[in-house]
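> One predicted model, sequence on top.
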Amino acid sequence: MNRPTISENVPTCVECGVERPKQAKDYNPMQAIIGAELGWYSGSDGELCGPCLSALMRMANGR
């Protein structure tokens, strides 16, 4: 399996390993409320890209 290369000091998604682009938007709860594309979540446990955060939210809601 080919995993993306991880550059030093570039935030990466803890689920899929994709590097965060410089112009990526941060997650805002309003994105979920209005059905917009989710931005990146940054927390003490790491970073999640929008698609992985969306999948996690669907899983938590039983979908």
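Structure's in. What do you need? Numbering: from 1, shown residues only.
> Tell me, how many residues neighbour the closest residue to residue 14 other than its chain neighbours?
The shortest distance from residue 14 to any non-neighbouring residue, by C-beta to C-beta, 6 or more residues apart in numbering, is to residue 46 (3.7 Å). Bear in mind the C-beta positions are built from the backbone N, C-alpha and C, glycine included. The tally of other residues near residue 46 (other C-beta atoms under 10 Å) stands at 12.
> Can you tell me how far residue 46 is from residue 63?
Noted for residue 46: a distance of 23 Å to residue 63, by C-beta to C-beta, to the nearest Å.
> and what of residue 14?
21 Å.
> how about the strands in this protein?
41-43, 46-48 (DSSP state E).
> now the first one: mean pLDDT?
For strand 41-43, the per-residue pLDDT values average out at 95.
> Can you tell me the strand partners of it and which way each runs?
strand 46-48 (antiparallel) (DSSP bridges).
> Show residues contacting the partner strand.
With contacts defined as C-beta atoms under 8 Å, 6 or more residues apart in numbering, strand 46-48 is touched by 11-15, 20, 27, 40-41, 56.
> re the thing from before, can you give me the distance of the residue nearest to residue 14 to residue 54?
When residue 46 is compared with residue 54 (using C-beta to C-beta), they lie 16 Å apart.
> Same question for residue 24.
14 Å.
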